[in-house]
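Engineer: Predicted structure and sequence below. I'll ask about it afterward.
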Amino acid sequence: MKNIALIFGRDMRNIVTNWAALVIILGLVMLPSLYAWFNIKASWDPYGNTGDIAIAVANNDKGTTLKGKAINLGNEVIDSLKDNHKLGWRFVSEEDAMRGVRHGDYYASIVIPESFSATIATVLSDNPSKAEILYYVNEKVNAVSPKITSSGASGIIQEVSKNFVKTANGTIFKIFNDLGIELQEQLPTIEKVRSLVFKLEKNFPEINHAVNVAMDDIHKTDQLVGQAQRNLPLVTDIAKNGQEFAGGLDTFLSSTSDAAKDIGPNVKQDLLLLQQTALGAQQLTSVLKDPNVDPSVVTDTLDHVSSRLELGLKVQTQLINWFDQLNKVSGNRIGFVSSKLKQVQDKMKQQQTLVSSISSAVKKGEKPASDLVDRLNQVSGDTSQILGDILSRYDSEIQPAILSGLSKARQTAEKTRTVLNNAMKSVPDVKKILNDASKGLTVGTQGIREIKKELPAVEAKVSELAQRMREFESEGNLQEVIDLLKNNFQLESQFFAEPVVLKENQLYPIPNYGSAMSPFFSTLALWVGATLLVSLVTTEVLGDHSYKSYEVYFGRFLTFLTLALLQSVCVTTGDMFILGTYVVDKPWFVVFGLVNSAVFMLIVYTLVSVFGNVGKALAIVMLVLQLAGSGGTFPIQTTPAFFRAIHPFLPFTYGISMMRESVGGIIWSIVRNDLLIMCIYAGITLIIGLALKGIINQLAAGLVKKAKESKLIH
C-alpha cells in the first residue's frame with residue numbers, strides 16, 4: 001500500500017513540477033470536453049431548421065365536380081402548404097421542378113397530375129380508382145434529407161385524404177338532410193290525410209245506423225245524407241292527398257334505397273377511420289414505451305390522440321342514433337351494430353381517461369405508470385377488434401339488411417298507392433249513391449233501401465284503405481325515417497374527415513436535440529479521453545525501483561483515474577454551464593459522468609497495462625463497436641442483428657442510460673441496474689488486471705524489446 005501511494009504521489013509531483021508535462025496533461029484533460037461540446041452544439045436543433053429544405057411543388061390539377069359541386073383538391077393542397085412552414089416549399093412549374101431536383105437545387109419535388117381531383121371523385125362511381133401524387137427525390141444530395149422530404153410528402157397525402165372525405169361525405173349527408181327536411185315539411189298534410197281516413201272508417205257504423213233509422217225517420221235521414229254530401233269533397237281531397245303522399249313516399253323510399261347503396265362504401269370507410277382512431281391510440285403506447293423517443297414527439301402525440309378522441313365522442317351519439325333508426329327500418333336485423341358502437345363509445349371514454357391520466361403525469365415530469373400504458377394498449381386493441389367485427393359483417397350482413405328493410409317499406413307504399421287509386425275510382429260511385437239517397441228521400445223508403453244496399457261497398461273501400469295505412473305504420477314509423485335522414489351534415493362530414501386527433505404528451509420533455517444527444521456524446525468523449533491518456537502517458541513505472549506488478553498496476557492507475565475524473569468534470573459541467581444543455585438532475589449528471597469515467601479509465605488502462613500496444617488497439621476496437629452497438633443515436637432495434645446481439649454487453653449501453661436518466665428525470669430502478677452492471681465491468685477488469693499483468697508482461701518482454709529496436713514502435 002505504501003509503494004502504491006509512493007508511485008501516485010511521485011506522478012503528481014512530476015506533473016506539477018514539469019511545465020511541459022503540465023501543459024500536455026492539461027491539454028489531455030480538456031480535449032474530451034472539446035470533442036463533446038463541438039458535437040453537441042453541431043446537433044443542437046437539426047429538426048427545428050427544416051424550413052430551409054427546398055421542395056418543389058407543381059400543381060397541374062384541373063379539378064372536377066362532385067354531386068354538382070366544383071372541387072379542386074390540387075388547389076387545396078397548395079393553399080395548405082402555403083401555411084405550412086415545416087419545409088421550404090417552392091411553388092413552380094413541373095418543368096422547373098424536375099430540372100431543379102435533378103441538379104440539386106431542390107431536395108425533392110412533388111407533382112400533382114391534371115386528373116388528380118377527377119380520379120379521387122371516382123369513389124362514388126362503380127369503378128373507383130386511387131389517385132396518385134408524383135414524388136421525386138434526389139438521394140445523392142444528402143443521406144438524411146430523403147427521410148425528411150418523404151415525411152412532408154406523406155403529410156400532403158394525409159391532408160388530401162382528409163379534405164376529400166370531408167367534401168364527399170358532406171355532400172352525401174346534405175342530400176339525406178334535404179330529403180328529411182322536405183318530408184318533415186309535408187308531415188302535417190300527411191298526418192291530416194291519415195286522421196281523416198281513420199275518422200271516416202270510425203264513423204261508418206254511425207252512417208249505417210243513420211240509414212237504418214232513416215227507414216223510420218225520413219227527416220233524420222235527409223240531414224245525414226246532406227252531411228255526407230257536404231263531406232264528399234273533403235273525402236275526395238283526402239284521397240287525392242293520399243295518392244300524392246303514397247307516390248311521394250314511394251319516390252322517397254326509392255331515393256333512400258339508392259342513397260343507402262351509394263353511401264355504403266363511405267359508411268364503411270368511416271368505420272375504417274374509427275378503427276384507425278383506436279389503432280392510433282394503440283400505437284401511442286409504443287411511443288410511450290420507447291425510451292429513446294423525442295419528448296416533443298410524445299407530447300404532440302398525446303395531444304393529437306386526445307383531440308381525436310374528444311371529437312369522436314361528440315359525434316358518436318349521432319352515429320349510434322343513425323344505426324338505431326336503420327335497425328327499425330330493417331326489422332331489428334342490425335341491432336348488434338348499435339350495441340357494438342356503444343361498446344366502442346365506452347372504450348373511447350376509457351381511452352380518453354387513460355390518455356388524460358398519462359398526459360397529467362407527463363406534464364409533471366413523471367413517467368406514467370406502466371399499468372396505465374398497458375391498459376390504454378388493451379382498451380385500444382379491444383376497440384379496434386370491435387370495429388373490425390362490424391366491418392367484417394358490413395358487406396355481407398349490415399348493408400343487405402338495410403336495403404331489404406327499405407325495399408319492404410317501398411312495397412308497402414306501392415300497395416298503399418294502389419288502394420288510394422282504387423278509392424279515387426270509387427269516389428264517383430259514392431257521389432252517385434249520395435245523390436240517389438237525396439232523391440230517394442223524396443220517393444220514400446224505397447230509395448233508402450237502395451242507399452243501404454250500396455253503403456257496404458263504400459265502407460269496404462274505406463276500411464281497406466285504413467288497414468293498408470296501419471300495415472305501413474307497423475313496418476316503420478314515418479317520423480323515424482325523417483329523424484334518420486335529418487342530420488348536422490357539416491359536423492358529421494368534419495368528424496369522418498378526421499375522426500382521430502393525436503394528442504401528444506411528453507413524459508420527459510427535453511427542449512432540443514442537442515440536449516437529448518449530450519448523454520451519448522459526453523459518454524463517448526470520456527472513452528476517447530481515456531484512450532488519449534493511455535496513448536500519451538505510459539502505464540509503466542520508469543526508474544530503478546523494484547515494485548511488484550499489482551503495486552505498479554494500482555499506483556499508476558490512481559494517476560490515470562485522477563486525470564480521467566478531471567476530464568469528466570470538465571465535460572459534464574461544460575455541457576450544462578457553457579453550452580446550456582438541458583439537465584433535470586444536474587448533480588447526478590456530474591456524478592454519473594464520474595462513474596462512467598472511472599470505469600472506462602479502468603477498462604482502457606487495464607487493457608494497455610496488461611497487453612501494451614495491443615491493448616490500445618483493443619480499446620479503439622471497443623470504441624468502434626460501441627459507437628454502433630450502444631443505441632446512442634438510432635434505436636438499437638434499427639441496427640443489424642450483430643449489434644443487437646452485443647448491445648447488452650457494452651459499457652456504453654449502461655453509461656449512456658445513466659446519463660439519460662439525469663437529463664430527462666431519474667427512475668432509480670434503472671439507475672441501480674446500470675450501476676450494478678458498471679460495477680460488474682469494474683470487477684471483471686480488476687480480476688483480469690491483477691491476474692494477468694505480471695504473467696503477460698513477462699511473456700511479452702522479449703517481443704516489446706524487439707519491436708523497440710525497429711525504432712518505429714515505442
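Structural biologist: Great, that's in hand.

Engineer: Tell me which residues of stretch 31-49 come out buried.
Structural biologist: 31-33, 35-37, 39-40, 43-44 (16 or more other C-beta atoms under 10 Å). Just so you know, the C-beta spots here come from the backbone N, C-alpha and C atoms, and that holds for glycine as well.

Engineer: no wait, stretch 509-518
Structural biologist: By neighbour count on 16+ other C-beta under 10 Å, the buried set for stretch 509-518 is 509-510, 512-518.

Engineer: that older thread, output the buried residues of stretch 31-49 as a markdown table; include the columns pLDDT, secondary structure and distance to Asn377.
Structural biologist: Listed next are those as a markdown table, based on pLDDT from 0 to 100; DSSP: H, G, I helix; E, B strand; the rest coil; distance: C-beta to C-beta, whole Å:
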| residue | pLDDT | secondary structure | distance to Asn377 |
| --- | --- | --- | --- |
| Leu31 | 85 | helix | 47 |
| Pro32 | 88 | helix | 42 |
| Ser33 | 88 | helix | 43 |
| Tyr35 | 84 | helix | 41 |
| Ala36 | 85 | helix | 38 |
| Trp37 | 89 | helix | 40 |
| Asn39 | 85 | helix | 36 |
| Ile40 | 83 | helix | 35 |
| Ser43 | 76 | coil | 32 |
| Trp44 | 79 | coil | 34 |
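
Engineer: Can you name the two of the residues you listed that sit furthest apart?
Structural biologist: Greatest spacing in these, by C-beta to C-beta: Leu31 and Trp44 (21.0 Å).

Engineer: closest to Ile78 among the buried residues of stretch 509-518?
Structural biologist: Closest to Ile78 out of the buried residues of stretch 509-518 is Tyr513 (30.6 Å), distances taken as C-beta to C-beta.

Engineer: pretty sure that closest one is touching Ile40, no?
Structural biologist: No: assessed by C-beta atoms under 8 Å, Tyr513 is found out of contact with Ile40, at 9.5 Å.

Engineer: looking at it, Glu94 is touching Gly100, isn't it?
Structural biologist: No: if you go by C-beta under 8 Å, Glu94 and Gly100 don't touch, sitting 10.8 Å apart.

Engineer: Which one of the two is surrounded by more residues?
Structural biologist: Gly100 (20 against 17; other C-beta atoms under 10 Å).

Engineer: Just the buried positions in the host helix or strand of Ala617, please.
Structural biologist: Per DSSP states H and E, Ala617 falls inside helix 613-629. Residues of helix 613-629 classed as buried by neighbour count (16+ other C-beta under 10 Å): 615-616, 618-619, 622-623, 625-629.

Engineer: farthest-separated two in those?
Structural biologist: Gly615 and Ala628, at 21.5 Å, using C-beta to C-beta across the buried residues of helix 613-629.

Engineer: before we move on, back to that, quick one: which of the buried residues of stretch 509-518 is nearest Glu139?
Structural biologist: Using C-beta to C-beta, these come closest to Glu139 at Tyr513, 22.7 Å.

Engineer: which element is Trp527 on?
Structural biologist: Using DSSP H and E, Trp527 sits within helix 513-536.

Engineer: and that helix, which residues are buried?
Structural biologist: 513-534.

Engineer: From the buried residues of helix 613-629, pick the one nearest Ala564.
Structural biologist: For the buried residues of helix 613-629, the nearest to Ala564 is Ala619 (13.1 Å; C-beta to C-beta).

Engineer: quick one: pLDDT of the closest one?
Structural biologist: pLDDT, Ala619: 89.

Engineer: and the closest residue to it other than its chain neighbours, what element?
Structural biologist: Nearest residue to Ala619, sequence neighbours excluded (C-beta to C-beta, 6 or more residues apart in numbering): Val604, at 4.6 Å. Here Val604 sits within helix 586-611, counting by DSSP H and E.

Engineer: list the helices and strands that helix packs on?
Structural biologist: If contacts are counted by 3 or more C-beta pairs under 8 Å, 6 or more residues apart in numbering; DSSP states H and E, helix 586-611 sits against helix 513-536, helix 549-574, helix 613-629, helix 651-664, helix 668-709.

Engineer: Pipe those into TSV and attach distance to Leu594 per row.
Structural biologist: Listed next are these as TSV, based on distance: least, C-beta to C-beta, whole Å:
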stretch	distance to Leu594
helix 513-536	9
helix 549-574	5
helix 613-629	19
helix 651-664	11
helix 668-709	11
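
Engineer: out of these, which comes closest to Asn321?
Structural biologist: Closest to Asn321 of the helices and strands packed on helix 586-611, according to C-beta to C-beta: helix 651-664, at 46.3 Å.

Engineer: now the angle between helix 586-611 and that closest one, please.
Structural biologist: 170 degrees (axes from the mean of the first three to the mean of the last three C-alpha atoms, to 10 degrees).

Engineer: Against which helices or strands is helix 651-664 packed?
Structural biologist: helix 513-536, helix 586-611, helix 613-629, helix 668-709.

Engineer: Quick one: these as JSON lines, columns for distance to Ala361 too.
Structural biologist: Shown next, in JSON lines, are those (distance: least, C-beta to C-beta, whole Å):
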{"stretch": "helix 513-536", "distance to Ala361": "20"}
{"stretch": "helix 586-611", "distance to Ala361": "21"}
{"stretch": "helix 613-629", "distance to Ala361": "32"}
{"stretch": "helix 668-709", "distance to Ala361": "17"}
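
Engineer: Out of those helices, the one nearest Ile386 is which?
Structural biologist: Of those, nearest to Ile386 by C-beta to C-beta is helix 668-709, at 36.0 Å.

Engineer: mean confidence for the closest one?
Structural biologist: Average pLDDT, helix 668-709: 78.

Engineer: just stretch 608-615 next, same as before
Structural biologist: 81.

Engineer: ditto for stretch 370-389
Structural biologist: 79.

Engineer: Stretch 553-570 now?
Structural biologist: Mean predicted confidence for stretch 553-570 is 89.

Engineer: So which bits of it are buried?
Structural biologist: 553-570.

Engineer: And for stretch 381-398?
Structural biologist: Buried-residue list, stretch 381-398, by 16+ other C-beta under 10 Å: 381-384, 386-387, 390-391, 393-394, 398.

Engineer: Out of these, which comes closest to Asp303?
Structural biologist: Distances from Asp303 to those, taken by C-beta to C-beta, are shortest for Thr383, at 19.6 Å.

Engineer: my guess is that closest one meets Met348, correct?
Structural biologist: Yes: counting by C-beta under 8 Å, Thr383 does reach Met348; the two are 6.7 Å apart.

Engineer: how many neighbours does Ala682 have?
Structural biologist: Neighbours of Ala682 using other C-beta under 10 Å come to 17.

Engineer: got a list of what it touches?
Structural biologist: 598-599, 602 (C-beta atoms under 8 Å, 6 or more residues apart in numbering).
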